[in-house]
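A.B. asks: A structural model of the following input is requested.
(chains A, B, C, D, E, F, G, H, I and J)
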10 protein chains.
Amino acid sequence: MPIKKGNSAEPTLKKLPKRIVTQPSKKLETFTSPRPGRAFEIRFETTEFTCLCPMTGQPDFAHLTITYVPDQLCVESKSLKLYLWSFRNEGAFHEAVTNQILDDLVSAIRPQWMRVDGDFLIRGGIRTLVVAEHGKRP
Amino acid sequence: MPIKKGNSAEPTLKKLPKRIVTQPSKKLETFTSPRPGRAFEIRFETTEFTCLCPMTGQPDFAHLTITYVPDQLCVESKSLKLYLWSFRNEGAFHEAVTNQILDDLVSAIRPQWMRVDGDFLIRGGIRTLVVAEHGKRP
Amino acid sequence: MPIKKGNSAEPTLKKLPKRIVTQPSKKLETFTSPRPGRAFEIRFETTEFTCLCPMTGQPDFAHLTITYVPDQLCVESKSLKLYLWSFRNEGAFHEAVTNQILDDLVSAIRPQWMRVDGDFLIRGGIRTLVVAEHGKRP
Amino acid sequence: MPIKKGNSAEPTLKKLPKRIVTQPSKKLETFTSPRPGRAFEIRFETTEFTCLCPMTGQPDFAHLTITYVPDQLCVESKSLKLYLWSFRNEGAFHEAVTNQILDDLVSAIRPQWMRVDGDFLIRGGIRTLVVAEHGKRP
Amino acid sequence: MPIKKGNSAEPTLKKLPKRIVTQPSKKLETFTSPRPGRAFEIRFETTEFTCLCPMTGQPDFAHLTITYVPDQLCVESKSLKLYLWSFRNEGAFHEAVTNQILDDLVSAIRPQWMRVDGDFLIRGGIRTLVVAEHGKRP
Amino acid sequence: MPIKKGNSAEPTLKKLPKRIVTQPSKKLETFTSPRPGRAFEIRFETTEFTCLCPMTGQPDFAHLTITYVPDQLCVESKSLKLYLWSFRNEGAFHEAVTNQILDDLVSAIRPQWMRVDGDFLIRGGIRTLVVAEHGKRP
Amino acid sequence: MPIKKGNSAEPTLKKLPKRIVTQPSKKLETFTSPRPGRAFEIRFETTEFTCLCPMTGQPDFAHLTITYVPDQLCVESKSLKLYLWSFRNEGAFHEAVTNQILDDLVSAIRPQWMRVDGDFLIRGGIRTLVVAEHGKRP
Amino acid sequence: MPIKKGNSAEPTLKKLPKRIVTQPSKKLETFTSPRPGRAFEIRFETTEFTCLCPMTGQPDFAHLTITYVPDQLCVESKSLKLYLWSFRNEGAFHEAVTNQILDDLVSAIRPQWMRVDGDFLIRGGIRTLVVAEHGKRP
Amino acid sequence: MPIKKGNSAEPTLKKLPKRIVTQPSKKLETFTSPRPGRAFEIRFETTEFTCLCPMTGQPDFAHLTITYVPDQLCVESKSLKLYLWSFRNEGAFHEAVTNQILDDLVSAIRPQWMRVDGDFLIRGGIRTLVVAEHGKRP
Amino acid sequence: MPIKKGNSAEPTLKKLPKRIVTQPSKKLETFTSPRPGRAFEIRFETTEFTCLCPMTGQPDFAHLTITYVPDQLCVESKSLKLYLWSFRNEGAFHEAVTNQILDDLVSAIRPQWMRVDGDFLIRGGIRTLVVAEHGKRP
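C.D. replies: Below is the predicted model of the structure:
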């Protein structure tokens, strides 16, 4: 996705370190658990999830919490950021997208247990939370 | 912007009221102040502003507060929503976009006074707030 | 407004003190300030204001704060409750209704100073606050 | 319910997108669960519920939370909004209306489990919470 | 209890709806559960409980929470208010009065389960909470 | 006021230090300012004020804040406690009693400046705050 | 412990009720449970505990919470205040003093269950909490 | 002040770095301002101040805030800790001790401006705050 | 680690107690549990943990909570401070370092149960929490 | 500063985007103000500042807030991050380092006004805040 030039005045930068333009990606990178035999817990929290309402095309926003107990693999957090970014311009129902994120992450790392909490901001006076879970919390 | 079909399973809706797909828009609608002679104050607050970093193309998020004292015209809030949406896929520096929003709103309604607060979420451990003001608060 | 019978099962009350069914009213009752010569301040806060959106007919909700410095008269709080209730089934724009409440209260008690803050709950991701003022705070 | 014209000054709107006037409705729309075999949880929260006190006819306000685990069907959130609106001009005891909402929702979607929390704002110095539940939380 | 005339200046009320002077009362009114077969939960919260210290005669204040699962009967909330008021001029130890309220309520409605939380404000640098329970929470 | 014997079971105290039963009192004790020439500020805050509604005889509760700059005299805090207690069984309008407390304290210590904030708990969905002031804050 | 005369200027008190100077004491007074057959819970919370660091002699501060289910006896709260005061000038390790308080209280009232939470304020950037328990919570 | 041996069991420390036993002290150490020509502000906050009530000998606790603009000298914070500790076993009225701390600090560093806020914890249901100031805030 | 001289102006200290320059250390000191037979709980909380990102070398920050039930030995808190300091200039992945701290502490004191919570501050819009546990909480 | 290899187990990363190892730097990059003629305000907040105590060599932590009104130039936020990082292994007194950061930033961008707030975490029970300012806030 090339960065569209907005109509906001662009300041002239005198000297800035080069930064490579990154892209959203559905690909989740993983790494080996630092303690493969131990059922420890990892939680990611972000207030920066956004997708589109499939009915109206308007933006929806959510706070996401992803909690899991790894088995052999862990999710690499930078690739998770790019993965969550990939929903930005997709139409997605609250109930469906929360389950989809769970399924994609379970496919990628096969955890002992995982839960995804999607806390979608108020629409029509109603805040909607969706919680999907995989496996039993040890 | 047509709604891109994501890979999230779409539930079959049995019966839903038709909703027209809306579009982001730079056009700000206005209406006549209900008390043209009175210097009253209006404040809009949203936690749903997002644009792109012009250096990396990655999403940025902000909480926006727009406060103003109208002269003859007020901003219509639904068109404001579509206007803020229009930044979603544009590259924008924090300092520049906050000033741009102020300038666009001032052009549209010529208020007695206006202030835009942009509270940009943490990047590199630093949260950035930008406050731009037009005129003197009566 | 007669109370419409809902389809919710009504419990059989064994013995309850009679309570007279009251009505919403635009009439604001007043009483003489207990210290007519002193510029003291009175503030009413309620989270129970509701009216209708004039565009869609759907309910709107607001938190209202009314602050004033009386001159000769004070607002009686029970009649204020009935007055605020009177907006329940009326169409009202946020900016207009906040100013209307100010005007009605100023007419009733002629205060040295008064301010009405209307904090309207989120619609389209945006919370709207309207602040209208009469006179100078002493 | 036609929108009654209030005495608040109506601003002249220059150009606004047409919006269809909607009505409250007891009918709850549903859609098929995006993951019919998975016991995931959905929660709706609103601070915008209001009905009338059956004894005095005066408005009551509540914060409602509806939590459930779907079986085959989910509640569509826009129809839920219209359903909750339908209580606006009905007389309803706190204990009865909370149970009624549970029963209506259970009839509509036959969930694996559901709970309705009604948190009614202070009357006579007392805040009342009613929690009604259907089935066992999986 | 006749209202003692204080030395605070009484404002002249121009026109106020008649209100009958009520009295504190140990009598708890009840009504039939709207869903006699369902184990739902009701909670009353008040920050307005006061009694007297039996040692010094000085006022004590507490925040009370009463939670219960009704069997056939529910407590009517206005009579509960009058009942709690009845302790205002009685001497009562924290531990004893919390249990007494539980016993009186259990006698009146024979609930499946009930709990009374008394949160007594700081005396001598110490805040005291007393929690008394009847039956097993279903 | 003799302590009325309530129907709450009285525990048998084995050995307790004697405490003298105290009485409410309108008399405010004072002491000489520790720095008579310095305009320093003293603030008392309590959440334990209660009086009676003059219309219905029912209890009202308020959070009181008393702030002042002494001249020659300060208020002794134990006598302030007994003074505030003296309103417990008196009928008092919110607006009047807040001003009365200000007047009584000003009579007792002739401060350079004083303010009394009365924050009266919710009645009829409305919270009422009354702020009365004497002199100019230095 | 005689009150050492500090170098802070002592105001001249005009008329104050005599108060007997009290002393810290290791003796815990008790009273008979008002409901000896009922397993109810009592909790004391204080932010006013202080002792000395046994290594450096410097003051330590803690927030203490004492929770218990009485058997036949309850702790009298004024004697508890004097008891906690008794640690003021004693050297005490966090882990040891929390257990000591539990042991002393258990000796005095033989409760069904008791827990002491000591929340010691930050030293060296670290806050330390110690929780000691006696018996099983019923 | 030698550390009195309490009756709390002393754990056997295996190997701990030696720490010198320190003493409370009225002596305030100072250092030269790092920017003698600049009116910058320094604020110390502590929740660990305690002294004795001069009437009853019982402990009082306060949260202290000391704010100042230095002239040539600053207060060294470790000596401030020892200074505040020196009040631990002294009798001190709230109003007097707050002023005393201000006077001692002003004597030690002659600041351009200084304020001491003493927030004394609840006694008799009343929290007391004392604010004493020296000079004008630049 | 010798303290590198920064370019910040160093104030001239007039008279300060000598303090020995300490060093970070991987060595954890211990002491005998004050109640070896009792399963009590100890919790350390700090907001002052920092290490380096092994990918970029940039600083990471975390809030750490260490909770345990001792068996025969407890962790001495000053040595814990030096131990946590030892990570300051080491590269460490969030998941790995949380487990490493658990393992080091378990080796040092062989507790009945221990848990380490690492709450790492936001990077790329995502906050990461890692919870590692040893043994079963009694 | 090369990343020292810690003793924490390093997970094997399967595939990660290359990231260039960065270095702390005293050099502050700038860019031209997007509205050179307008006195708007920019605020940076971070909870991730750390340096060393010059007396003991131990780590200190602070929350920093930098607020300014630019003239011609703005601070680039990534270079600000590297600049704040540069204090990590330097000895710095609270009062001195806050002023030093102000001076360095003022040198780099010559703002109309700037303020630096350093909120240093608790040491010896005392939290220290230092506020240094340059110029007059427009």
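
A.B. asks: mind checking the longest helix of chain A?
C.D. replies: Ranked by number of residues, the top helix in chain A under DSSP state H is helix A:94-109.

A.B. asks: which strands and helices sit next to it?
C.D. replies: Under the contact definition 3 or more C-beta pairs under 8 Å, 6 or more residues apart in numbering or on different chains; DSSP states H and E, helix A:94-109 sits against strand A:59-69, strand A:73-75, strand A:113-123, strand A:126-134. From N, CA and C alone the C-beta is placed, and that goes for glycine too.

A.B. asks: residues in contact with the residue of chain A found nearest chain C?
C.D. replies: The nearest approach of chain A to chain C comes at residue A:122, 4.6 Å away (C-beta to the nearest C-beta). When contacts are counted by C-beta atoms under 8 Å, 6 or more residues apart in numbering or on different chains, residue A:122 touches C:122, C:125.

A.B. asks: need the pLDDT of it.
C.D. replies: Residue A:122 carries a pLDDT value of 98.

A.B. asks: residue nearest the middle of chain A, spatially speaking?
C.D. replies: Nearest residue to the geometric centre of chain A (C-alpha atoms, centre = their mean): residue A:84, 3.1 Å.

A.B. asks: now that one, nearest residue through space, not along the chain?
C.D. replies: residue A:49 (5.6 Å; C-beta to C-beta, 6 or more residues apart in numbering or on different chains).

A.B. asks: for the helix or strand encompassing the one you found, give the mean pLDDT please.
C.D. replies: Secondary-structure assignment from DSSP states H and E places residue A:49 in strand A:41-52. In this model, strand A:41-52 carries a mean pLDDT of 98.

A.B. asks: before we move on, what about stretch A:22-33?
C.D. replies: Stretch A:22-33 comes out with an average pLDDT of 96.

A.B. asks: return that stretch as CSV; C-alpha atoms alone will do.
C.D. replies: Extracted as CSV, the C-alpha positions of stretch A:22-33 are listed here (Å, rounded to 0.1, in the frame of the first residue of the first chain):
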residue,chain,number,x,y,z
THR,A,22,6.7,-1.6,6.1
GLN,A,23,3.6,-3.4,4.9
PRO,A,24,0.7,-5.1,6.7
SER,A,25,1.0,-8.9,6.5
LYS,A,26,-1.2,-12.0,7.3
LYS,A,27,2.0,-14.0,8.0
LEU,A,28,2.7,-14.6,11.7
GLU,A,29,6.3,-15.2,12.6
THR,A,30,7.1,-17.5,15.5
PHE,A,31,10.1,-18.4,17.7
THR,A,32,10.8,-21.4,20.0
SER,A,33,9.6,-21.1,23.5
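
A.B. asks: tell me what residue A:30 is bridged to.
C.D. replies: As for beta bridges, residue A:30 partners with residue A:75 under DSSP bridges.

A.B. asks: just checking, residue A:117 touches residue A:102?
C.D. replies: No - using C-beta atoms under 8 Å as the test, residue A:117 is too far from residue A:102 to be in contact (10.1 Å).

A.B. asks: more crowded one of the two?
C.D. replies: Using other C-beta atoms under 10 Å in any protein chain shown, the more surrounded residue of residue A:117 and residue A:102 is residue A:102, with 24 against 20.

A.B. asks: residues from chain A in reach of chain I?
C.D. replies: Chain A has residues A:33-35, A:38-48, A:74, A:77-78, A:80-81 near chain I, with proximity defined as C-beta under 8 Å from any C-beta of the partner chain.

A.B. asks: how about low-confidence regions in chain A?
C.D. replies: Low-confidence segments of chain A (pLDDT under 70): A:1-20.

A.B. asks: can you list the residues of it near chain D?
C.D. replies: Taking C-beta under 8 Å from any C-beta as the measure of proximity, chain A contacts chain D at A:93-96, A:98-99, A:123-133.

A.B. asks: run the last query once more with 6 Å
C.D. replies: Chain A has residues A:95-96, A:99, A:124-132 near chain D, with proximity defined as C-beta under 6 Å from any C-beta of the partner chain.

A.B. asks: contacts only, for residue A:131.
C.D. replies: Neighbour list for residue A:131: A:117, D:41 [criterion: C-beta atoms under 6 Å, 6 or more residues apart in numbering or on different chains].

A.B. asks: roughly how far apart are it and residue A:28?
C.D. replies: Distance, residue A:131 to residue A:28, by C-beta to C-beta, to the nearest Å: 21 Å.

A.B. asks: contacting residues for whatever residue of chain A ends up closest to chain F?
C.D. replies: Among the residues of chain A, residue A:125 lies closest to chain F, at 18.8 Å counting by C-beta to the nearest C-beta. Residue A:125 makes contacts with D:46, D:48, as judged by C-beta under 6 Å, 6+ apart.
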